[in-house]
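K.L.:
Pasting the sequence and the predicted model now:
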Amino acid sequence: MCKFLDLNENVISWASEELAIPYFSPVDDKWHRYYPDFMCKIKNKTGSIDKLIIEVKPEKQTKPPKSKKQTRNYLREMKTFAINTYKWEAAEKFCQENGWVFKILTEKDLFK
């Protein structure tokens, strides 16, 4: 991702884990800070500037676990998915309020 951002002539600027977005996690009933992987400003085809927040995750962590047995591994994966969901909801809200776009990229997006 860093290499893509560095080499793409349409990328005006980018930073990694520079923005703290507060979010509440019902998992532990506490407020936390979410640091998205990337923030960038990209010139689009029309010449205007898109401001994006990008999170890079394994595809497996972007979907609820499929197991029907409540093993320790399943519960850990479910907790990770739930926490990610709260983070991403906070990022979506931040983006809507500030004119940014939130994207989640997986290995399928990065290695096309």
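P.N.:
Great, that's in hand.

K.L.:
Give the next helix or strand downstream of the helix ranked longest in the chain.
P.N.:
Taking DSSP state H as the criterion, the chain has its longest helix at helix 72-98. Using DSSP states H and E, the next helix or strand after helix 72-98 towards the C-terminus is strand 101-105.

K.L.:
Kindly spell out which helices and strands sit in contact with that next one.
P.N.:
Judged by 3 or more Cβ pairs under 8 Å, 6 or more residues apart in numbering; DSSP states H and E, strand 101-105 is in contact with strand 49-56, helix 72-98. (Each C-beta comes from the backbone N, C-alpha and C, glycine too.)

K.L.:
Among these, show me which one is buried the most.
P.N.:
Highest mean neighbour count among these (mean count of other Cβ atoms under 10 Å): strand 49-56, with a mean of 17.

K.L.:
what residue is smack in the middle of this structure?
P.N.:
Centroid check for the chain by Cα atoms, centre = their mean gives E55 as the closest residue, at 2.6 Å.

K.L.:
bridging residues for it?
P.N.:
Here E55 sits in beta bridges with I104, going by DSSP bridges.

K.L.:
Hmm, P36 and it touching each other?
P.N.:
Yes: the criterion here is Cβ atoms under 8 Å, and E55 meets it with P36 at 5.2 Å.

K.L.:
ok, I83 touching D28?
P.N.:
No: contact between I83 and D28 fails when scored by Cβ under 8 Å: they sit 9.0 Å apart.

K.L.:
Run through this protein and note the low-pLDDT ranges.
P.N.:
Applying pLDDT under 70 to the chain flags the ranges 112.

K.L.:
residues touching the residue of it positioned farthest from its centre, list them.
P.N.:
Most distant from the centre of the chain: K69, at 28.2 Å, with distances by Cα atoms, centre = their mean. K69 makes contact with no residue, according to Cβ atoms under 8 Å, 6 or more residues apart in numbering.
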